[in-house]
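>>> Okay, sequence plus prediction incoming.
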Amino acid sequence: MWTRQQINKHIEVSKKLLEIKENVFKLIKNENISEYEVQKFILNSLKQQELKTDKHPPIVAFNNDTAKSHYFNAKKSIKAKQETLVLFDLWAAIPNYPYADITWMAYKGKKIPNDIQNAFGLVIKTRDNCLDFIRNSLKKGIVPTGMEVYKVTEKNLKGKTDDDFYTGHSLGFASPHGNNAHLSSNNKNKLKMNQGYAIEPSILIKNKFRVRVETDFYISKNKRLVITAGLQNKIIKL
C-alpha cells in the first residue's frame, strides 16, 4: 500500500511525463526525425526533470516497428515521414518513489488508415470497459481480482488480435512493473488499495502494427477508482 506522499509523487511524475509527451509529438510533427533521435530527446528530458528510469530506454516505434514487442530501437532507425504511425511508451519515477507509465499514439499524415482507426477504437473501448468494470464492482463493495479485469479484456479482444490479451500491471519502485497483483489470467488476488496500476490493452496485427494505450490508476481507501495519468481517447494527428 502506498502512502499519501507516494501517491502524490506518482501523480507529479505522471504530469511531467504528459508534458514530455506533448513535446515529443511537437518534435515529430515539425522534424524529419528518427525513432532513435526521439528516444534520445526523451532521455534528455527525463534528465532535465531529474527523473529516473530503469535499465530499458523508452519505446519509440514508427509504422511496422510498433508491432515489435518491447521494441528498443538502434541508431539506424526509421524516420517519421508522412503517413507514419507513432507509438510512444514512457515510464519514470522520482528516486525512491513509485513509477508512472504511459503509452500514447499519434499519426503523422493527412488521414489515419481505417484499419488503424478501427483497432484504436476497440482498444479504447476495452480500456474503458475494464475501468467501468472496476468502478461498478467497487460501487457494490467488491474489489475485483486481476483475473476478473483480464477477462474483460479477453471478452473484448478475442479474435481481434494476434497476441494474448495483456491487460496491465502493478507499478513498482525499482521498475515500472511491480511484484504483485498484475491484471493477468492467473492472478486470483484482489486489487490492492492505494496501489498504483497501469492498464494497457492492445491489438497486434502481426507484421503490420500494434495499437496500445496506457494510463495509470489506483483504488482509494474509500473504494474509488482514481485515474492518475490522463486518458487518450483519439489518435493524435500530427
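Okay, I see it.

>>> any idea how far the spatially most central residue of the chain lies from Q5?
Central residue check for the chain by CA atoms, centre = their mean: the C-alpha nearest the mean position is that of E214, 2.4 Å away. As judged by CB to CB, to the nearest Å, E214 and Q5 stand 24 Å apart. The C-beta positions use only the backbone N, C-alpha and C, and glycine is treated the same way.

>>> what's the helix or strand for the residue lying closest to D54 once chain neighbours are set aside?
Nearest residue to D54, sequence neighbours excluded (CB to CB, 6 or more residues apart in numbering): S175, at 4.3 Å. Secondary-structure assignment from DSSP states H and E places S175 in no helical or strand segment.

>>> Need the pLDDT of S175.
S175 carries a pLDDT value of 92.

>>> Give me the neighbour count for it.
By the criterion of other CB atoms under 10 Å, S175 has 16 neighbours.

>>> Check the one 4 residues further on too.
For N179, the tally of surrounding residues (other CB under 10 Å) stands at 11.

>>> Spit out the contact partners of it.
Under the criterion of CB atoms under 8 Å, 6 or more residues apart in numbering, the contact list for N179 reads 170, 172.

>>> Tell me how far it lies from K9.
Distance from N179 to K9, counting by CB to CB: 19 Å.

>>> Please apply the same query to K234.
From K234 across to K9, the span is 30 Å (CB to CB).

>>> quick one: low-confidence parts of this structure?
Of all residues in the chain, those with pLDDT under 70 make up the ranges 180-181.

>>> Please enumerate the strands of it.
Assigned by DSSP state E, the chain shows strands spanning 59-62, 84-92, 100-108, 168-170, 197-199, 202-205, 209-212, 215-219, 225-227, 236-237.

>>> Give me the buried positions along the fourth one.
Of the residues in strand 168-170, 168-170 count as buried by neighbour count, 16 or more other CB atoms under 10 Å.

>>> now those residues as JSON lines including distance to R210?
Converted to JSON lines, those look like this (distance: CB to CB, whole Å):
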{"residue": "G168", "distance to R210": "16"}
{"residue": "H169", "distance to R210": "17"}
{"residue": "S170", "distance to R210": "22"}
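
>>> thinking again about what came up before, can I get the strands of the chain in a markdown table including distance to L27?
Converted to a markdown table, those look like this (distance: least, CB to CB, whole Å):
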| stretch | distance to L27 |
| --- | --- |
| strand 59-62 | 11 |
| strand 84-92 | 11 |
| strand 100-108 | 11 |
| strand 168-170 | 28 |
| strand 197-199 | 24 |
| strand 202-205 | 24 |
| strand 209-212 | 21 |
| strand 215-219 | 22 |
| strand 225-227 | 26 |
| strand 236-237 | 13 |
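
>>> Which one of these lies nearest to K76?
Set against K76 and scored by CB to CB, the strands of the chain come closest in strand 59-62, at 13.2 Å.
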